[in-house]
Structures are given as structure tokens and as C-alpha cells.
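Q: How does the following fold in three dimensions:
(chains A and B)
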Amino acid sequence: MSSSILLRSAFKSAASKNALRSALQVRHATSSTAQYVPGGPIYKGTVNDPTTFPPSSKVHGSYHWAFERLLSASLIPLTGAAFVTSGTAYPILDGILGVSLVMHSHIGFDSMIVDYLHARKFPILGPIATWTLRTATVATLVGIYEFNTNDIGLTELITKVWTA
Amino acid sequence: MMSARAVGLGPALRKAAFSQNIVRNQVALRTILAKRTIQTQSVSPAAGEEILNSQRLKRPSSPHFTIYQPQITWIGSIVNRVTGGALSALLYGFSIAYLIAPGTFDSTHVVEFVAGLPDYVKYSGKTILALPFAFHSWNGLRHLSWDMGKFLSLKGAYGSAYAVMGATVVTTAALVMM
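A: Below is the predicted model:
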């Protein structure tokens, strides 16, 4: 425990030294003709400077990954159940599908934003896309809840449209 | 030349032409010339970095899609994303449309609208919906099996890709006929 604290403080002081050095170098670099593009091919500092660590977060990493797999895997029996039963007879199935499908979609859309519109490369468009997605996901959840409670529900709608 | 070969001088002449001395002389000649035409200049590290950075800005983006060979491995990956995105966009689109205008997008109106469409539109519409659903479902199973450590070899990746394609065709046909 104490050794890890020691290590961390050593790392912190090393990191602050690096930050100071790269800050000086960035100031120097702004005088050059080549402009730094966020996420572009020009390094911050020099090739000898280490990259900065992303801040650690408990909702990212292995828990997040395991949750995604669990969600994907649980869609298999849910889809099967939706094929063999009627949503009107089992409204709880529509409710679970309405939440799990939207969460699965949200994660998928979010990975696309992370891959193609990352804030590191798109400092304005990236956060706009992330917050647009969050808004759309909330609206979708509300919309699908309304449809499941006031109308015939998701599975019943698909069945009726398919055989219309 | 003919006469040289006739008197047996050919090999000797060839040997003289490619002898070490001549080669050495040529190298010496080249370095003298190089010293005359090419000039180097020493620049400060900052100026050197600026030259390097202006070169870095001219680099092409990677991967170079116009020359990258289409392979089942990466095409299957991007098709998985496109099909999932399309299905999700439909789910989001319908749910938000129902939230905004529940009177227009209620089930009665939607079913009535679809029922009034001609048969060829119905069947093509069903195909357009069933194909991405079938592919994404089967390929999702492929991904989950990869996550469990199965089919991770190149042979496994190709074999499972063909299996997914076959299952997609059969499932799409079955769903359209439903």
C-alpha cells in the first residue's frame, strides 16, 4: 500500500516535470510555421516525451466490456422469446426489449463517435455528437416507453407490420 | 568485338572492364562529384523539428482505402457496424417520431400505410430489413464466440465468416417468406 503511494507520488512529480517541459515546448512550437492539429501528425513536445495517460474511470475498462458482452448475449434469448410469444400477452418482454435494445444501440453509436469523431481530433464536433446521441437516447427511451404503454408495443408492432 | 573473340581476348577484356581497380576509381569519381554538387547545412534542433513537422503534415491518411485489398475479415467487421447502425437508426427514428407525433406514428396508421403498399415494395422492404437483422444477429454470435476465445485463428475467422454468410442468406429468405 505504502509502496504504491510512493510510486504514485514519484510518477506524479515526473509527470509534472514532463508537463512543464511540454508546456515550454508547445510555447516554442507555436512560433513555427507548422500548426498543431488536434489528433494530427505533429507531436506535442518531442519524440522523447511520453504520452499522457488518460484519466482512469471505473465505468470504463473490463467492467464496461463485460457489461457490453452480457447485454449482447442477453439479446439472444430476448429475440428468441419475441419470435415465439406475443408482446401483448407478455408486456414485460416489450419493456425489457425497449430498454436493452436501446442500450445496445447507444453503445454501438457511442463506439462510432469514439472511433470517427473523437474529441481529441474533433474538439467541437465530437462533444456535440456525444451530447446529441445522449439526448436522442433519452428521447428514444421515453418514446418507446410511451409506445409500449399507450399503444400495442414493440413486438406486436413488428409482427403486424411484417404480415400487413 | 568479333576479332577480339576470335583471338581469344574476350574474357581478358571483360575482366579488365569489371576489375576492382576501375570500380574503385568510379566510386572515387562519384564521391568527388558529390562533394561538388550536394551541400549539407547544419540546422538547430528546433529548425530540424520544423522541417520534420512540415513533412509530417504531408503524410497520407491510413488505411489507404482506395488501394487496401478487400478482405472478408475487415469487410465483415464494417458490415457488422453498418447493419447495426441502420437497425438502431430505425429504432431511434421510429421511437422519436412516435414521441413527437403519436397521432401520426401510432400502430394503426403504420400498419394501414404498410398494408396499402404494392407487393414488390413490401417484399423489397422486408428484404432490406431482414438482411441486416439476420447478418447482425449471426455475426453478433460470431463476435461473442471470439470473446469466449473460439475461432480466433485466421482459418476460424474465415470459416465462421462463410458460416455467417450462409446463415444470413437462409434466414433472410425465411424471414421474407414469413
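Q: how far out from the middle of the chain is the strand or helix carrying residue A:142?
A: Element membership for residue A:142, per DSSP states H and E: helix A:125-150. Helix A:125-150 sits 14 Å away from the centroid of its parent chain (CA atoms, centre = their mean, to the nearest Å).
Q: and if you look at stretch B:155-171?
A: Remark: stretch B:155-171 is offset 20 Å from the chain centroid, using CA atoms, centre = their mean.
Q: Need the CA coordinates for that stretch. PDB is fine.
A: Output of stretch B:155-171 as PDB, limited to C-alpha atoms (Å, rounded to 0.1, in the frame of the first residue of the first chain):
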ATOM      1  CA  LYS B 155      -8.900 -20.200 -40.600                       C
ATOM      2  CA  GLY B 156     -11.500 -19.900 -37.900                       C
ATOM      3  CA  ALA B 157     -12.200 -16.300 -38.800                       C
ATOM      4  CA  TYR B 158     -12.800 -17.200 -42.500                       C
ATOM      5  CA  GLY B 159     -14.700 -20.400 -41.700                       C
ATOM      6  CA  SER B 160     -17.100 -18.600 -39.300                       C
ATOM      7  CA  ALA B 161     -17.500 -15.700 -41.800                       C
ATOM      8  CA  TYR B 162     -18.700 -18.100 -44.500                       C
ATOM      9  CA  ALA B 163     -21.000 -19.800 -42.000                       C
ATOM     10  CA  VAL B 164     -22.500 -16.400 -41.000                       C
ATOM     11  CA  MET B 165     -22.900 -15.500 -44.700                       C
ATOM     12  CA  GLY B 166     -24.700 -18.800 -45.400                       C
ATOM     13  CA  ALA B 167     -26.900 -18.500 -42.300                       C
ATOM     14  CA  THR B 168     -27.700 -14.900 -43.300                       C
ATOM     15  CA  VAL B 169     -28.900 -15.900 -46.800                       C
ATOM     16  CA  VAL B 170     -31.100 -18.700 -45.400                       C
ATOM     17  CA  THR B 171     -32.500 -16.600 -42.500                       C
END
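Q: which of the residues in it are buried?
A: By 16 or more other CB atoms under 10 Å in any protein chain shown, the buried positions in stretch B:155-171 come out as B:157, B:160, B:161, B:164, B:167, B:168, B:171. For the C-beta atoms, the positions are set from N, CA and C on the backbone; glycine is no exception.
Q: Surely the first one touches residue B:75?
A: No. Assessed by CB atoms under 8 Å, residue B:157 is found out of contact with residue B:75, at 11.9 Å.
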